[in-house]
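Visitor: I need the structure of the sequence given here:
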Amino acid sequence: MRILFAGATGVLGRATLPHLRGHDVTGLTRSPERLQLPREPGAEDAVCDVYDYEALLSVARRVQPQVLVNFVTDLASGTNAANSRVRRKGGENLLNTARAAGASRLVVESVAFALEGDAARAVEQLERRATESAGPDSPAAGLAGASESRRPRVQRQLVAQRPRNGPTPR
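Guide: Coordinates of the predicted model:
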C-alpha cells in the first residue's frame, strides 16, 4: 500500500512508522534537519510544509498515495495557537491533497483528552471536516471531483490507551 504520512517525525509518527514496514511509505517533515528520521524504519522521506498546498500536491502526485495520514501537530512551538493553526490550515491542505491525489483513505489523528477554547474548536473542526468529506450517508460520498472508488473513506475510531503513570481511561 502507498502511504503519504504527514507528521512522520513527530512522537506518534515515529511510533507508528515501524508498524508500516512492508508498505510503500513516504514520511513528510517540514524540517530538513529531521530529513533522515523517517528513513530509519524503512520509509522514504520528503521535506514539505503542510502550509504549502502546491508543494503537498506535488509530493502527492509523485507518491500517488492510496492512504494519506495526518498526524501533524505543532507541539514544538509550545503554543496552542500554532497547534490550532496547523490543525486548521494544515489539516485543510492535507484533506484537499487527499482528494486531489485520489487517496482512498484519510487517517486523521485526534486527541483522547479534554481540550478547551480554541484548541478544542480546532480539533473539532479538523474532525468535522474529515467526517463531512465522506458525506452523510456513505464513507465514500461527498468528495467532488473524485470517482466513487477513489474517494477517501473516513473512519472514526477511539483508541483508549492506558497512561504511563495514571489510571486506565473509562
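
Visitor: export the helix ranked longest in the chain as PDB, just CAs?
Guide: Identified as the longest helix of the chain according to DSSP state H is helix 117-132. What follows is helix 117-132, C-alpha atoms only, in PDB (Å, rounded to 0.1, in the frame of the first residue of the first chain):
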ATOM      1  CA  GLY A 117     -11.100  27.100  24.000                       C
ATOM      2  CA  ASP A 118      -9.600  27.500  20.500                       C
ATOM      3  CA  ALA A 119      -7.600  24.300  20.800                       C
ATOM      4  CA  ALA A 120     -10.900  22.300  21.300                       C
ATOM      5  CA  ARG A 121     -12.500  24.100  18.400                       C
ATOM      6  CA  ALA A 122      -9.600  23.400  16.100                       C
ATOM      7  CA  VAL A 123      -9.700  19.700  16.900                       C
ATOM      8  CA  GLU A 124     -13.500  19.600  16.400                       C
ATOM      9  CA  GLN A 125     -13.100  21.500  13.100                       C
ATOM     10  CA  LEU A 126     -10.500  19.000  11.900                       C
ATOM     11  CA  GLU A 127     -12.600  16.000  12.800                       C
ATOM     12  CA  ARG A 128     -15.800  17.600  11.400                       C
ATOM     13  CA  ARG A 129     -14.100  18.400   8.000                       C
ATOM     14  CA  ALA A 130     -12.700  14.900   7.700                       C
ATOM     15  CA  THR A 131     -16.000  13.300   8.600                       C
ATOM     16  CA  GLU A 132     -18.100  15.700   6.400                       C
END
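
Visitor: Work out the gap between it and the centre of the chain.
Guide: 13 Å (CA atoms, centre = their mean, to the nearest Å).

Visitor: just stretch 87-101 next, same as before
Guide: 9 Å.

Visitor: picking that back up, for the longest helix of the chain, give the mean pLDDT please.
Guide: Confidence for helix 117-132, expressed as mean pLDDT, is 78.

Visitor: In that helix, which residues are buried?
Guide: By neighbour count on 16 or more other CB atoms under 10 Å, the buried set for helix 117-132 is 119, 122-123, 126-127, 129-131. No exception for glycine: its C-beta is placed from N, CA and C like everyone else's.

Visitor: Kindly reformat those as TSV containing distance to Val69.
Guide: TSV is the format used below for the buried residues of helix 117-132 (distance: CB to CB, whole Å):
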residue	distance to Val69
Ala119	21
Ala122	18
Val123	17
Leu126	13
Glu127	15
Arg129	16
Ala130	12
Thr131	16
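
Visitor: Cool, thanks, signing off.
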